[in-house]
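Enquirer: Here is my input, please return the structure:
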Amino acid sequence: MQKVQFAEGIEVAPLRLGTAFSGAAWIYGLTIASCALVNIIVTHFPIGPWEGAEIAKQFWLDNVTWQIFAAGWACLFAVCSFWPFDKMENPLTRGIYVVIASWVLGWITAKSIYVTGLGADWVFPLVGTSWFFLAFFCFNGENWIVQGLKPARQFFILLILIGGLTFVLTHTDVGWIPAWWFPFNLVGAGTGTLAYLTRGMRQPEKSVTQMSLLFLVAGAVIWASMGLGFWDADAEGVAAFWNMGAIGAGNEWLVFFMVGTSINFALPVLFHNWPFSHIPMPWGGILACCFYLVLDVVVTMVLLAGVGSLYSQETLLTYAYMGVNWSLVIPLVFGVGLSKPYLWRGQRTPGSWEDVDETVPSAA
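Expert: Numbers count the residues shown, from 1 in each chain. Down below sits the predicted model:
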């Protein structure tokens, strides 16, 4: 019988308010500051071909395109051991370089959509599809396809795979892979629920299973949204392949999506999933996921209430979505919320669920 090693000296279900509140202050402070700055930049120097009155209607698209591509580049650096900045010993200095590089590359990527003649209709197909493959190979896939390679090779191979497969898929009848699964992936990853449910599986089977589950959850939420009037089942879909309607005219679902991506990873990580970490998996993880999805709805309702009186809907879209960038960058690039390990109740190894099904040998 294999002997199970328990982590010693690791806190179980800790509440670390200092880390949580300081991390949240950084994430959402930078969200507000960077969003205001980016809005000024894209209003005066549009990324798209906007002129005159078009700028006031389309600046939000330039904002979200730039920042979400920047977030993608930052995450790609992070999953490849921060190459080419991996030789920097100071994590703060390295993180600053990663942020600067990601925003520069994010702008270049966003601008190239228009320089190449593709146009605004290609923004979300390219964003959604590229992020799907980034998740499939890296986050959910744990870099399975480049496992054991040097960081530089990992970086370029993943870049080729993500870019090439995005190009191929967006030129088929499928059109693209909508990112409706994304907020559910973030909460599943941030709470560890996806990792627990697919424990013991190999890659890429684990990634396939996780993505399938996310599509089922997204489909269930969309179905419920139809009944609530937030999703128009009769509207033309995002592509002929996707016979599922579209977001309702009020954009409630879009704001919910954006809010979810800005909350669902950062807060579970910063608060170490407290208090749900007191409840053994899977129920603790499921309750945590439900809590954050309800929180998404509450924040969405509060933000929508201010449209017209406090800000325009275009401005709301920029601030609601900017949080996804910093909610990923601050933990993954700077290590905030991830640097000090902890255990869920019933967990044996911090950050892993692979050994929870092993039998503990009885004392002789």
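Enquirer: just for the protein, where's the confidence low?
Expert: Scanning the chain for pLDDT under 70 picks out 1-8, 239, 358-364.
Enquirer: same thing but 50
Expert: Regions of the chain meeting the criterion pLDDT under 50 cover residues 1-6, 360-364.
Enquirer: which residues in it form strands?
Expert: Under the criterion DSSP state E, strands of the chain are mapped to 231-232, 246-247.
Enquirer: didn't residue 299 look like it was pressed against residue 263?
Expert: Yes. Applying C-beta atoms under 8 Å, one finds residue 299 in contact with residue 263, separated by 6.8 Å. For the C-beta atoms, the positions are set from N, CA and C on the backbone; glycine is no exception.
Enquirer: can you list the residues that contact stretch 238-249?
Expert: With C-beta atoms under 8 Å, 6 or more residues apart in numbering as the contact definition, stretch 238-249 has outside contacts at 124-125, 173-176, 178, 219, 222, 225-226, 229-237, 253-254.
Enquirer: Just the buried subset of the residues you listed, please.
Expert: 124, 125, 175, 176, 178, 222, 225, 230, 231, 232, 253, 254 (16 or more other C-beta atoms under 10 Å).
Enquirer: give the contact list for the last one.
Expert: What that stands for is residue 254. Shown in contact with residue 254 (C-beta under 8 Å, 6+ apart): 247, 317.
Enquirer: any idea how far residue 16 is from residue 32?
Expert: Plainly put, residue 16 is 24 Å away from residue 32 if you go by C-beta to C-beta, to the nearest Å.
Enquirer: related to what we said a few turns ago, out of the buried ones among the contacts of stretch 238-249, which comes closest to residue 193?
Expert: Of all the buried ones among the contacts of stretch 238-249, residue 222 has the smallest distance to residue 193: 20.0 Å, by C-beta to C-beta.
Enquirer: mind listing what the closest one touches?
Expert: Residue 222 sits next to 180, 231, 244, 245, 253 when contact means C-beta under 8 Å, 6+ apart.
Enquirer: got TSV for those, with distance to residue 308 too?
Expert: Shown next, in TSV, are those (distance: C-beta to C-beta, whole Å):
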residue	distance to residue 308
180	26
231	22
244	29
245	26
253	19
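Enquirer: Among the residues you listed, which ones are in helices?
Expert: Of the contacts of residue 222, the ones assigned to helices by DSSP state H are residue 253.
Enquirer: Hmm, residue 169 and residue 129 touching each other?
Expert: Yes. Taking contacts as C-beta under 8 Å, residue 129 lies within contact range of residue 169: 5.5 Å.
Enquirer: List the residues that are in contact with both of the two.
Expert: Listed as contacting both residue 129 and residue 169 by C-beta under 8 Å, 6+ apart are 176, 177.
Enquirer: More neighbours: which of those two?
Expert: Under the criterion of other C-beta atoms under 10 Å, the comparison of residue 129 against residue 169 puts residue 129 first, with 23 against 17.
Enquirer: Tell me how far that one lies from residue 135.
Expert: Counting by C-beta to C-beta, the gap from residue 129 to residue 135 is 11 Å.
Enquirer: same thing with residue 350?
Expert: 23 Å.
Enquirer: neighbour-wise, which of the two wins?
Expert: Between residue 350 and residue 135, counted using other C-beta under 10 Å, residue 135 has the larger neighbour count: 22 against 13.
Enquirer: Need the nearest residue in space to the more buried one, chain neighbours excluded.
Expert: residue 185 (6.1 Å; C-beta to C-beta, 6 or more residues apart in numbering).
Enquirer: now swap in residue 28 and tell me
Expert: residue 323 (6.6 Å).
Enquirer: and the one you found, how far is that from residue 303?
Expert: In this view, residue 323 and residue 303 are 11 Å apart by C-beta to C-beta.
Enquirer: Same question for residue 338.
Expert: Counting by C-beta to C-beta - residue 338 and residue 303 are separated by 28 Å.
Enquirer: More neighbours: which of the two?
Expert: residue 303 (19 against 16).
Enquirer: Please verify my assumption that the more buried one contacts residue 318.
Expert: No. At 11.8 Å, residue 303 does not count as touching residue 318 under the criterion of C-beta under 8 Å.
Enquirer: Name all residues that make contact with residue 162.
Expert: 76, 130, 133, 134, 137.
Enquirer: can you tell me which of the buried ones among the contacts of stretch 238-249 lies nearest to residue 23?
Expert: The closest of the buried ones among the contacts of stretch 238-249 to residue 23 turns out to be residue 254 (C-beta to C-beta; 26.6 Å).
Enquirer: before we move on, back to that, what is the nearest of the buried ones among the contacts of stretch 238-249 to residue 309?
Expert: Once C-beta to C-beta is applied, the member of these that ends up nearest residue 309 is residue 254, at 19.7 Å.
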